[in-house]
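K.L.:
model the structure of this input:
(one chain, ligands or ions: 1)
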Amino acid sequence: MKSIIINYKAYKEGIDKGLSIAMAANEAAEKTGVEIITAPQFTLLKEISKITKTIAQGVEGVEPGPFTAHITWYEIKKSGAAGTLINHSEKRFAHSKSGQLDYSALRKAIELCKQNQLETYVCVRNLQEAKKVTDMNPTAIAYEPPELISGNVSVSTAKTEIVKEFCELVKSSSNSKPLIGAGIKTAEDVKSSVKLGSEGILVASGVIKTNNFKKAINELVKPLA
Ligand code: G3P
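P.N.:
The predicted structure follows:
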């Protein structure tokens, strides 16, 4: 089954129209058989999980305990969400000095989720990171080149060769689903993503920032049905 993840990020519209967006997502998923997953702000997780398949926007690799303002697997689980995004470009598991990914912290967060039956959607910025994440076997690995995020040029048009290589790599060396995101706005962008081997897409501004989110969802879902 192909998937769409709608990431609400920290957009105001996600808070203001989040429930209606989730309802539209659920309606489109039921109509087409495509898996549509919403990733709303943390405060909406509980409510939106009752409407449609929902994941958190991130998690930290700590157990519940004395960790103020940390998001744990336990909180996500109790909210009713199915899993979480991990290591999104805007919330990386990076070492503070070098900016390099902290793979052992990332692995720990993924493991904690897996042990607690939460799905893991791990974002990577390039092939090098993807190679390191494949043996962690998350539910899905999502390639999002940071420079295209929030823009109008889609990853499936600007990075065709890398996307192809990424999808082949993930399929041949893990049980994870390859997904791609960044700049996806139209059905054409989704069509080319699938052609390049992706099993779905992540989208934020193309749904959350449009005037007609219902129309946007229905358009993006078509090539995946
Ligand atoms: O997680 C999805 C995201 O980073 C892509 O954002 O606005 O380019 O669709 P956007």
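K.L.:
residues contacting Glu168?
P.N.:
When contacts are counted by C-beta atoms under 8 Å, 6 or more residues apart in numbering, Glu168 touches Gly197. For the C-beta atoms, the positions are set from N, CA and C on the backbone; glycine is no exception.
K.L.:
surely it is within a strand?
P.N.:
No - counting by DSSP: H, G, I helix; E, B strand; the rest coil, Glu168 is located in no strand; its state is helix.
K.L.:
Ile6 against Ile217, yeah?
P.N.:
Yes - in this structure Ile6 lies within contact range of Ile217 using C-beta atoms under 8 Å: 7.4 Å.
K.L.:
now the strands for this protein?
P.N.:
Taking DSSP state E as the test, the strands found in the chain are 3-7, 35-39, 55-56, 83-86, 119-124, 140-143, 177-181, 200-203.
K.L.:
show me what from this protein comes close to the ligand.
P.N.:
By C-beta under 6 Å from any ligand atom, the residues of the chain that approach the ligand are 7, 88, 144, 149-150, 181-184, 202-206.
K.L.:
max pairwise distance over those residues: which two?
P.N.:
The span of the residues of the chain next to the ligand, defined through C-beta to C-beta, is set by His88 and Gly206 at 16.1 Å.
K.L.:
shared neighbours, Ile6 and Ile217?
P.N.:
With C-beta under 8 Å, 6+ apart as the test, Ile6 and Ile217 both reach 21, 25, 36, 207.
K.L.:
burial of Pro40, as a residue count?
P.N.:
Residues lying near Pro40 (other C-beta atoms under 10 Å) number 29.
K.L.:
enumerate every residue touching it.
P.N.:
8, 14, 18, 22, 48, 54, 57.
K.L.:
what do you get for Asp102?
P.N.:
With C-beta under 8 Å, 6+ apart, Asp102 has these contacts: 93-95.
K.L.:
and for Lys185?
P.N.:
152, 154, 203, 205-206.
K.L.:
10 Å instead?
P.N.:
Lys185 sits next to 151-154, 203, 205-207, 209-210, 216, 219-220 when contact means C-beta atoms under 10 Å, 6 or more residues apart in numbering.
K.L.:
which of those tops the neighbour count?
P.N.:
Neighbour-wise, these (other C-beta under 10 Å) top out at Val207, 28 neighbours.
K.L.:
wait, that one sits on Ile184?
P.N.:
Yes - using C-beta atoms under 10 Å, Val207 is in contact with Ile184, at 9.5 Å.
K.L.:
what touches both of the two?
P.N.:
4, 220.
K.L.:
go through the chain and flag its longest helix.
P.N.:
helix 12-32 (DSSP state H).
K.L.:
next, the buried residues of that one.
P.N.:
Residues 13-14, 17-19, 21-22, 24-29, 32 are the ones in helix 12-32 that count as buried (16 or more other C-beta atoms under 10 Å).
K.L.:
now tabulate the residues you listed in JSON lines and tack on pLDDT.
P.N.:
Formatted as JSON lines, the buried residues of helix 12-32 follow (pLDDT from 0 to 100):
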{"residue": "Glu13", "pLDDT": "98"}
{"residue": "Gly14", "pLDDT": "98"}
{"residue": "Lys17", "pLDDT": "98"}
{"residue": "Gly18", "pLDDT": "98"}
{"residue": "Leu19", "pLDDT": "98"}
{"residue": "Ile21", "pLDDT": "98"}
{"residue": "Ala22", "pLDDT": "98"}
{"residue": "Ala24", "pLDDT": "98"}
{"residue": "Ala25", "pLDDT": "98"}
{"residue": "Asn26", "pLDDT": "98"}
{"residue": "Glu27", "pLDDT": "98"}
{"residue": "Ala28", "pLDDT": "98"}
{"residue": "Ala29", "pLDDT": "98"}
{"residue": "Thr32", "pLDDT": "97"}
